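Q: Sequence plus predicted model, see below.
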Amino acid sequence: MKEDLREIIKKELPKILKEDSKFRFELLEILSETFSTKAEISRVLEEIKALREESNRRFE
């Protein structure tokens, strides 16, 4: 039964997300508790870049 439900979700979810923006944002909110957003990842990458640049300056 779980496998059937998963297959239905895989098949129907893309269509539902295109058609129902409210549901799309509700799902995004749920997933954002588990996964990082693009903005969060970008911020971390910028911090890493700044640390690398600072480290490079120290060793010049």
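A: Nice, thanks for sending it over.

Q: Pull the number of nearby residues for L27.
A: The local packing of L27 (other CB atoms under 10 Å) involves 14 other residues. (Glycine included, C-beta is placed from N, CA and C.)

Q: contacting residues for the closest residue to it other than its chain neighbours?
A: Nearest residue to L27 in three dimensions, chain neighbours excluded: L17, at 7.2 Å (CB to CB, 6 or more residues apart in numbering). Residues near L17 by CB atoms under 8 Å, 6 or more residues apart in numbering: 23-24, 27.

Q: quick one: the host helix or strand of K18 to chain centroid distance?
A: In this assignment (DSSP states H and E), K18 forms part of helix 2-19. Centroid separation for helix 2-19 versus its chain: 19 Å, with CA atoms, centre = their mean, to the nearest Å.

Q: contacts for whichever helix or strand comes after it?
A: Under the assignment DSSP H and E, the closest C-terminal helix or strand after helix 2-19 is helix 21-32. By CB under 8 Å, 6+ apart, the residues outside helix 21-32 that reach it are 16-17.

Q: Pull helix 21-32 out as CSV, backbone CA atoms only.
A: Only the C-alpha atoms of helix 21-32 are listed here, as CSV (Å, rounded to 0.1, in the frame of the first residue of the first chain):
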residue,chain,number,x,y,z
SER,A,21,0.0,27.7,-5.8
LYS,A,22,-1.3,27.7,-2.2
PHE,A,23,-0.5,24.0,-1.8
ARG,A,24,2.9,24.6,-3.4
PHE,A,25,3.8,27.2,-0.8
GLU,A,26,2.4,25.0,2.1
LEU,A,27,4.6,22.1,0.9
LEU,A,28,7.6,24.5,0.6
GLU,A,29,7.1,25.6,4.2
ILE,A,30,7.0,22.0,5.4
LEU,A,31,10.1,21.0,3.4
SER,A,32,12.0,24.1,4.5
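
Q: Quick check: buried residues in it?
A: Within helix 21-32, no residue is scored as buried using 16 or more other CB atoms under 10 Å.
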